[in-house]
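# Structure for the following, please:
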Amino acid sequence: MAQGLRIVSADNDHGPVCRRSEKRARVLLAATLQNATGSWQVRLRNISSAGALIESPIVPPPGSFVQFSRGPIAVTARVVWTDGTRLGLAFRDRIDEHELLIVIGAPPPPKKPPKALFPSVAPIGYP
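Numbering: from 1, shown residues only. Got it, this is the predicted structure:
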């Protein structure tokens, strides 16, 4: 996991209590929501491969659909709950782990160095 990011569970998350099987990365990033009436800037508060918590000046009603965009990611989402200026989104299609890292601006996990095909062998007569 990237430094500075903390995974939170539903127990200490803001918003209505709900049963989540996914851990969420707590962030504070700009994102965009769009629906039939237009698009607007929002704050992404946390995200998982299945959904997100958004803070928005425009709050579509629960059950409505929006397009969530952050960087190269654009996914259709359903508004599952609202509370003041906050809303919970459930993505129609999960975003994969690599896309999630792009969304939150985290570097990809380091690659393991390749294993040598042939182990080093000391010349005969040397320890």
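
# got a list of contacts for the helix or strand encompassing Q41?
Per DSSP states H and E, Q41 falls inside strand 38-47. With contacts defined as C-beta atoms under 8 Å, 6 or more residues apart in numbering, strand 38-47 is touched by 8, 13-14, 24-34, 52-58, 67, 70, 86, 100, 103-104. To be clear about C-beta, it is placed using only N, CA and C from the backbone, and glycine gets the same treatment.

# quick one: strands adjacent to that strand?
strand 24-35 (antiparallel), strand 51-55 (antiparallel) (DSSP bridges).

# average model confidence for that strand?
For strand 38-47, mean pLDDT rounds to 95.

# Output that strand as CSV - backbone C-alpha positions only.
Below are the C-alpha coordinates for strand 38-47, written out as CSV (Å, rounded to 0.1, in the frame of the first residue of the first chain):
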residue,chain,number,x,y,z
GLY,A,38,-24.3,18.2,-16.6
SER,A,39,-21.0,17.6,-14.9
TRP,A,40,-19.5,19.1,-11.7
GLN,A,41,-16.4,18.8,-9.5
VAL,A,42,-16.5,16.8,-6.3
ARG,A,43,-14.2,15.6,-3.6
LEU,A,44,-13.4,12.0,-3.5
ARG,A,45,-13.2,11.0,0.3
ASN,A,46,-12.6,7.2,0.0
ILE,A,47,-12.6,4.6,-2.7
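
# and the closest residue to R92 other than its chain neighbours, how far is that from G84?
Among residues not flanking R92 along the chain, T76 sits closest, at 4.3 Å (C-beta to C-beta, 6 or more residues apart in numbering). Using C-beta to C-beta, to the nearest Å, T76 is found at 24 Å from G84.

# For the two, indicate the residue with more neighbours.
A count of neighbours by other C-beta atoms under 10 Å puts T76 above the other of T76 and G84, at 13 against 8.

# sec struct for that one, please.
strand (DSSP: H, G, I helix; E, B strand; the rest coil).

# For it, name its beta-bridge partners.
Bridge pairing for T76 - DSSP bridges - gives Q67.

# For R43, see how far away it is.
For T76, the distance to R43 - C-beta to C-beta - is 20 Å.
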